[in-house]
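In: no sequence on this one, just coordinates:
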């Protein structure tokens, strides 16, 4: 059975943060599904459905995912992250039901389990741990604070592959 390495998984996250969706989606199995921690969003059952969802979100906000913990076994990845959404416009339709002004930042803490099928990501199930609207903050500062708490093995591989920090 083929599995993903920590380097592979962080390449996937790096591609997401860089909005390199072509590379990001190469990690998905043809049967990929994504269940988000929002009961109003049904499971997304294909790579195009996932892309469509994020196109909508990213039209409103820039998202940065900070990988906190990544644990991998033969057929699963456990992933803990802190995602930051910095809004480009005023909206009453921000993530997790918030109303925000342009420049506001929302932090969402999530853990997810990725089932690995034939070496690729199959079923992905995300569970929210918490969320908060931080208001107008310096995004680099809050991302750096999260990054400072990330697991040392995650930071080490990230910095070796992509340079220091998330930005």
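Out: Nice, thanks for sending it over. It should be emphasised that the depicted structure is a prediction, and the values quoted were computed from it without experimental measurement.
In: got any ranges where this protein has weak pLDDT?
Out: Where the chain drops to pLDDT under 70, the residues are 1-2, 167.
In: Could you pull out the helices in it for me?
Out: Using DSSP state H, the helices of the chain run over 6-17, 21-25, 47-60, 139-149, 152-162.
In: Format those helices as TSV; extra columns: distance to residue 125 and mean neighbour count.
Out: Glycine gets a C-beta too; all of them are placed from N, C-alpha and C. Below are the helices of the chain laid out as TSV (distance: least, C-beta to C-beta, whole Å; neighbours: other C-beta atoms under 10 Å):
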stretch	distance to residue 125	mean neighbour count
helix 6-17	16	18
helix 21-25	18	15
helix 47-60	13	14
helix 139-149	22	15
helix 152-162	20	15
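In: mind checking which of the ones you listed is nearest residue 126?
Out: For the helices of the chain, the distance to residue 126 is smallest for helix 47-60, at 11.6 Å, taking C-beta to C-beta.
In: Quick check, residue 104 in contact with residue 133.
Out: Yes: in terms of C-beta atoms under 8 Å, residue 104 counts as a neighbour of residue 133; the distance is 6.3 Å.
In: overlap in contacts of these two?
Out: Common neighbours of residue 104 and residue 133, counting by C-beta atoms under 8 Å, 6 or more residues apart in numbering, are 94, 98.
In: For this protein, give the strand that spans the most residues.
Out: Longest strand in the chain by number of residues, with DSSP state E as the criterion: strand 120-135.
In: Measure how far that strand is from the centre of its chain, please.
Out: 7 Å (C-alpha atoms, centre = their mean, to the nearest Å).
In: can you list the helices of the chain in a markdown table and add distance to residue 70?
Out: Supplementary listing: the helices of the chain in a markdown table, determined by distance: least, C-beta to C-beta, whole Å:
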| stretch | distance to residue 70 |
| --- | --- |
| helix 6-17 | 6 |
| helix 21-25 | 16 |
| helix 47-60 | 20 |
| helix 139-149 | 14 |
| helix 152-162 | 6 |
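In: Can you say which of the ones you listed is nearest to residue 40?
Out: helix 47-60 (11.9 Å).
In: what residues does the closest one touch?
Out: Here helix 47-60 makes contact (C-beta under 8 Å, 6+ apart) with 19, 21, 25, 28, 32, 34, 36, 41, 44, 63, 85, 87-89, 91, 93-95.
In: switch the cut-off to 10 Å
Out: 16, 19, 21-22, 24-34, 36, 41-44, 46, 63, 85, 87-91, 93-95, 100, 102, 121, 124 (C-beta atoms under 10 Å, 6 or more residues apart in numbering).
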